[in-house]
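> mind looking at a prediction? Sequence and model below.
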Amino acid sequence: MKIKHQLAIFNALTRLLVILVLWLMLPILVQNVVYKHINNGLLEKKKKFIDHLNQNEINDFIENEGDSTETYSQFSTLHSEFLVLSRTSVKPKQKKTTFSNDFRIIEGEESEYRILRHHFTYENQDYQLEIGSSLSEVNDLTFIIKLFIIIVLVVILLVTFLADTFYIEYLLKPFYKIIDTKIRRVNEPEAFDYTPINAKSRDFRELDLVLNQMMDRIGIVFKKEKQFISNVSHELLTPIALLKNKLENLLQNDSLDDNAIDKIASSLKTLDMLKKIINNLLLISRIENNQYEANESIDFNEIINGLYEDLQDRIEDKGLQFENAIRHDFHFTGNKTLIHILLYNLVTNAIKYNRENGNVKVSDGFSNQNYFLSISDSGIGMDESQLERIFNRFTRISSDQDGQGLGLAIAESIAVFHHIEIKVTSTLNHGTTFLLLFPNLVKAN
C-alpha cells in the first residue's frame with residue numbers, strides 16, 4: 001500500500017474515532033443544553049406564577065381542602081405543559097426548588113415531563129408548585145439533531161478523506177517523480193538525469209541532492225569498471241592468442257610423435273574453450289553495461305529461417321523435425337546481432353537437449369496484446385531445482401553435454417537489454433518451452 005493511502009486512511013481513522021467519541025458524548029451534551037434551556041423556561045414561569053399569586057387563584061387551583069391534595073389544575077391543549085399546586089408541609093432543610101424527569105398521566109395519556117418543584121409559604125400556609133414541560137418533542141428533536149450531526153460528520157469524513165488523499169498525493173508528487181525519473185528508468189549512470197526536481201518540501205530536495213551525489217560516485221566507478229573490462233579483455237586474449245600460435249607452430253614440427261601431437265591438440269582445445277568463455281563473459285558485461293545500440297528493425301521469421309539453414313546438419317544428425325510456425329509479420333526494433341544470439345542460444349539448446357527423432361517448434365502469437373515467440377522441444381526437460389538456476393552463469397542442465405553454461409545467461413542479458421520477458425515451462429522427460437514476451441511497442445501487420 002502506498003504511503004499516501006496509508007496517511008489518508010490514518011487520518012480517516014482518527015477522524016472516525018473523534019466522531020465515535022462525539023456520538024457517545026452527544027446525548028449528554030444535548031441533554032445538558034436542552035435541560036438548561038427548559039429549566040430556565042420553567043423558572044421564568046414559576047416566577048410569573050408566584051408574582052401574580054393571590055388567594056383567589058389558590059382557591060381555583062386547590063379544589064380539595066385536605067393537606068397534600070394534588071390536582072392537575074392546568075395543562076395545555078396538547079399536553080405539552082402542566083401546572084399543579086398543592087398544599088404540603090415543608091420539611092426541614094428541604095431544597096426550595098428542584099428539577100427532575102418523571103412520567104405523568106394526563107387524560108389517560110402518559111408522557112415524560114421535565115418537572116420543576118418549588119416549595120413556598122403563602123399567608124402562613126405551605127404549598128408545593130409543580131410546573132412540567134413535556135420531553136416528547138425534546139426527545140424527537142434530540143434524535144433529529146443526533147441523526148443530522150452524524151450525517152454531517154460522515155460527509156465531513158468522506159470529504160476530508162478525499163482532500164487528504166489529493167493533498168498527500170500533491171505533497172508526494174516530487175517523491176514519485178524522483179523514483180520514476182531517477183531510479184526506475186535508469187539502467188546505467190550515464191543515462192542518469194541530474195536535473196534538480198522541483199519540490200517545495202526540503203526533505204525531497206535533500207533526497208534529490210543525495211541521489212545526484214550518489215549517482216555521480218557510481219558513474220565514476222562505472223567508468224573505471226568499463227576501463228577494467230577493456231583492459232582485462234586485451235590482457236587475457238592477447239597471451240591466449242600468442243600461446244595458440246606457438247602451439248600451432250609446434251604442430252608443424254615433423255619430429256613430434258603422436259603422443260606429443262595429442263597433448264598439443266588438447267592444449268589448443270583448452271585455449272579455444274578459455275577464449276570462448278572470456279568472449280562470452282565480455283559479451284555479457286557489454287550487454288549489461290548497455291554498450292550496444294538498439295535501433296535496427298528485426299524480422300524474426302528471417303532470423304529463424306537463417307538459423308535453420310545454419311543448424312541443419314545438427315538437426316539432421318539427431319533426426320529432428322524442425323517446424324517454423326511463425327505466422328505474424330512482427331517487426332521489432334533492437335540490436336539484430338544480439339537478438340540473433342538470443343534465438344541461436346535457445347534453438348541450439350532445444351537441439352542439444354532433445355531426443356533422437358524428436359521435434360523443435362518455433363511459433364508466435366499474442367498474449368494480452370503482447371507479441372511472443374515460443375521455442376519448444378521434446379527433449380529431456382528439467383525439474384524444479386534446475387528451472388530455478390538455469391539462467392545462472394556456468395550452470396549446465398546436463399553434464400553429458402559440452403558447453404560452459406553461459407548460453408542461457410547470455411540469453412537472459414540480451415532479453416533484459418531489450419525489455420523482453422523470458423518465461424520457461426518444462427516437464428521432466430517431456431520437453432521444455434521458452435516463451436519470449438516482447439514489450440508492446442509496435443503492432444503486427
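Yep, that arrived.

> all contacts plus neighbour counts: C-alpha atoms, from now on.
Fine.

> and residue 120, how close does it get to residue 54?
Distance from residue 120 to residue 54, counting by C-alpha to C-alpha, to the nearest Å: 13 Å.

> these two: who's more crowded?
Taking other C-alpha atoms under 10 Å, residue 120 and residue 54 do not tie; residue 120 has more neighbours (17 against 12).

> which parts of the helix or strand that residue 126 is a member of are buried?
Assigned by DSSP states H and E, residue 126 belongs to strand 125-134. For strand 125-134, burial by neighbour count (16 or more other C-alpha atoms under 10 Å) applies to 127, 128, 129, 130, 131, 132, 133, 134.

> go on, stretch 378-396?
For stretch 378-396, using 16+ other C-alpha under 10 Å, the buried residues are 378, 379, 380, 381, 382, 390, 391, 394, 395, 396.

> show me which pair in those is furthest apart.
The distance between the two most remote of the buried residues of stretch 378-396 (C-alpha to C-alpha) is 23.8 Å, for 378 and 394.

> how about the helices of the protein, start to end?
Per DSSP state H, the chain carries helices over the ranges 3-51, 55-61, 136-179, 202-250, 258-288, 300-310, 312-317, 336-352, 384-387, 407-417.

> go ahead and confirm residue 440 touches residue 368.
No: judged on C-alpha atoms under 8 Å, residue 440 makes no contact with residue 368 at a distance of 9.5 Å.

> show me which of those two is the more surrounded one.
Set residue 440 next to residue 368 and count neighbours by other C-alpha under 10 Å: residue 440 wins out with 11 against 6.

> what's residue 389 sitting at in phi/psi?
Main-chain torsions, residue 389, degrees, to the nearest 10: phi -130, psi 20.

> and residue 21, how many neighbours does it have?
For residue 21, the neighbour count with other C-alpha under 10 Å is 11.

> ok, residue 166 next?
Residues lying near residue 166 (other C-alpha under 10 Å) number 15.

> pop the domain breakdown of this protein in here.
Here the domain assignment for the chain is 3-140, 202-288, 296-437, based on automatic domain parsing.

> tell me where the model's unsure across the stretch 201-350 of the chain.
Scanning the stretch 201-350 of the chain with the threshold set as pLDDT under 70 gives 226, 229-230, 233-234.

> mind listing what's buried along stretch 304-321?
Neighbour counts over stretch 304-321 (16+ other C-alpha under 10 Å) mark 304, 307, 308, 315, 318, 320 as buried.

> distance to residue 138 added to those residues, as CSV?
Shown next, in CSV, are the buried residues of stretch 304-321 (distance: C-alpha to C-alpha, whole Å):
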residue, distance to residue 138
304, 87
307, 91
308, 93
315, 95
318, 97
320, 94
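
> hmm, which two among the residues you listed are most spread apart?
Using C-alpha to C-alpha, the buried residues of stretch 304-321 span at most 18.8 Å, a distance reached by 304 and 318.

> for residue 409, give its distance to residue 281.
Remark: distance between residue 409 and residue 281 (C-alpha to C-alpha) = 9 Å.

> one more: residue 6?
45 Å.

> ok, now residue 48?
From residue 48 over to residue 281 (counting by C-alpha to C-alpha), the distance is 107 Å.

> would you mind telling me which of those two has more residues around it?
residue 281 (18 against 11).

> list the contacts of the more buried one.
Residues near residue 281 by C-alpha atoms under 8 Å, 6 or more residues apart in numbering: none.

> likewise for the one 3 residues further on?
With contacts taken as C-alpha under 8 Å, 6+ apart, residue 284 has the following neighbours: 409, 410, 413.

> give me the contact list for the lengthiest strand in the chain.
When the chain is parsed with DSSP state E, its longest strand is strand 109-122. With C-alpha under 8 Å, 6+ apart as the test, strand 109-122 has contacts from 35, 38-39, 42-43, 90, 95-105, 126-136.

> tell me the angle that strand makes with helix 3-51.
Interaxial angle, strand 109-122 versus helix 3-51 (axes from the mean of the first three to the mean of the last three C-alpha atoms, to 10 degrees): 50 degrees.

> in strand 109-122, what counts as buried?
Here strand 109-122 shows 111, 112, 113, 114, 115, 116, 117, 118, 119, 120 as buried, counting by 16+ other C-alpha under 10 Å.

> for stretch 208-222, same thing?
Within stretch 208-222, the residues that count as buried by 16+ other C-alpha under 10 Å are 208, 211, 212, 215, 216, 219, 222.

> just those residues now: which is nearest residue 11?
Nearest to residue 11 out of the buried residues of stretch 208-222 is residue 208 (C-alpha to C-alpha; 27.6 Å).

> hang on, that closest one packs against residue 196?
Yes: using C-alpha under 8 Å, residue 208 makes contact with residue 196 at a distance of 6.8 Å.

> next one: the strand holding residue 126 to chain centre, how far?
Mean C-alpha position of strand 125-134 versus that of the full chain (C-alpha atoms, centre = their mean, to the nearest Å) differs by 69 Å.

> how about stretch 249-264?
Stretch 249-264 sits 68 Å away from the centroid of its parent chain (C-alpha atoms, centre = their mean).
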